[in-house]
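K.L.:
Generate coordinates for the sequence data below:
(2 chains)
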Amino acid sequence: MARALINVPSKAKRGDVVEIKTLMSHPMETGFRTGSDGALVPRNIISRFACTYNGEVVFSAELFPAISANPFISFTTVATESGTLVFSWTDDKGQTQVQTAAITVE
Amino acid sequence: MGGRASAFLLVGFAALGLGLASLSAQTADAPPSDRKSGFDYMGPDSQAMQKDDLSNPGMLGVLDGEAMWNAPAGTTQKSCAACHGDARESMKGVAAKYPLLDEATKTPIDLVGRIDQCRVDRQQAAALPREGRESLALTAFVGLQSRGMPLAPPDDARLTPFRKAGEALYTRRMGQLNFSCAQCHDDNAGGHLGSAPIPQAHPTGYPIYRLEWQSLGSLQRRLRNCMVGTRAEPFAYGSPEFINLELYLNWRARGMEVETPGVRP
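P.N.:
As a prediction, the model looks like this:
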């Protein structure tokens, strides 16, 4: 299983802008490189990242081959109510990795 | 990528060649206050990346290593933790001492070699290929337990001949460009090779997450990188030459703080 590091403040005040940082372990193979046998290594990148906050999408991104391995994605959202942030990364192989984080809003 | 990098190095070395025409034999240890880690040569962004465990990509390897530490392996189905317990206690300061003298063979052994020895002899599992993802992950996890502690190479007289051999390699000219490590990293440390700063070559953060590699890599990978740059034929991974060189480099950097897993550009 791929590893992810997620940094969400555990507590926030209602209405605060909170910064969320995610680091996902992924080779992000561009599809332009050749292996030791001279054949192209098939492309395998995370093509979509999304974050939902209590079911509502607050951030999503499409990724392309120029993005480095282990992509680091940082964004902000407004802390509205306590709940769960669900992060999902989908790659070219169709595999989706899902991670969750809780936030308490006071 | 490789072609561009070597062209860049060639230009850099040609420019340096003028400055380095007189070979100085100055390889004396810098006093600890003058020593600078590669960390000090980085920009603030890369420094911040290393300092924050949730943005340091080397920590992804550490997480893998932690899982391996606790996972049963080999025919004995014993995990590392089954014998060594909690790595936070048992592995504290361990990586800062390596390479050590292996009592059985009376030759120095590095941390990767010791992990493999443990796997083969005690877990009865296959050795992890050097520079593979798993080997780097486990080394990074063990290395992390020494973070913040001083590099403490053992003052073992039996290691002295090996360390001297490492020092001889450090000062020996090699490759078509005919450079020794010392010519850049002692005589011209703090200067630039092209646009890249030349650090003092203290191995404080290995295995490092190098942004250029987009992965973790060992000290030996870094050394091979430098050797290819001078157009020397690199030593093999795990060769006695590299272990001697690592002995000398750790001795040279003794007392400096371990940063594992370091981030480097």
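
K.L.:
B:Met91 against B:Arg147, yeah?
P.N.:
No: applying Cβ atoms under 8 Å, one finds B:Met91 not in contact with B:Arg147, separated by 11.1 Å. C-beta coordinates here come from the backbone N, C-alpha and C atoms, glycine included.

K.L.:
Return the residues of chain B in contact with chain A.
P.N.:
Neighbours of chain A within chain B, by Cβ under 8 Å from any Cβ of the partner chain: B:Asp52, B:Asp53, B:Leu54, B:Ser55, B:Pro57, B:Met59, B:Leu60, B:Leu63, B:Asp64, B:Leu211, B:Gln214, B:Ser215.

K.L.:
In PyMOL, how would I select the buried members of those?
P.N.:
Buried residues within the residues of chain B next to chain A, by 16 or more other Cβ atoms under 10 Å in any protein chain shown, are selected in PyMOL with:
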select buried, chain B and resi 55+57+59+60+63+64+211+215
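
K.L.:
Give me the subset of the residues of chain B next to chain A that lies in strands.
P.N.:
B:Ser215 (DSSP state E).

K.L.:
So which of the residues of chain B next to chain A is the closest to A:Gly94?
P.N.:
Closest approach to A:Gly94 among the residues of chain B next to chain A (Cβ to Cβ): B:Leu60, at 22.0 Å.

K.L.:
correct me, but that closest one touches A:Leu5?
P.N.:
Yes: applying Cβ under 8 Å as the test, B:Leu60 and A:Leu5 come out as touching, 6.7 Å apart.

K.L.:
Return every residue with contacts to both of the two.
P.N.:
Jointly contacting B:Leu60 and A:Leu5 under the rule Cβ atoms under 8 Å, 6 or more residues apart in numbering or on different chains are A:Leu23.

K.L.:
At which residues are the strands of the stretch 1-150 of chain B located?
P.N.:
B:100-102, B:107-109 (DSSP state E, counting those that start in this stretch).

K.L.:
Those: which one's closest to A:Ala39?
P.N.:
strand B:107-109 (38.0 Å).

K.L.:
what helices or strands is the closest one leaning on?
P.N.:
Where contact means 3 or more Cβ pairs under 8 Å, 6 or more residues apart in numbering or on different chains; DSSP states H and E, strand B:107-109 is packed against strand B:100-102, helix B:240-252.

K.L.:
which is the next helix or strand following the longest one?
P.N.:
Once the chain leaves helix B:240-252, the next helix or strand it forms, by DSSP states H and E, is strand B:263-264.

K.L.:
where in chain B is pLDDT low?
P.N.:
B:1-32 (pLDDT under 70).

K.L.:
give me that answer again for 50
P.N.:
Counting by pLDDT under 50, chain B shows low-confidence ranges at B:1-27.

K.L.:
Provide a complete list of residue ranges assigned to helices in it.
P.N.:
With DSSP state H as the criterion, chain B has helices at B:2-19, B:44-51, B:58-70, B:80-84, B:87-90, B:111-117, B:133-144, B:160-171, B:181-185, B:219-229, B:240-252.

K.L.:
and among these, the most buried is which?
P.N.:
Comparing the helices of chain B by mean neighbour count (mean count of other Cβ atoms under 10 Å in any protein chain shown), helix B:133-144 ranks first with a mean of 24.
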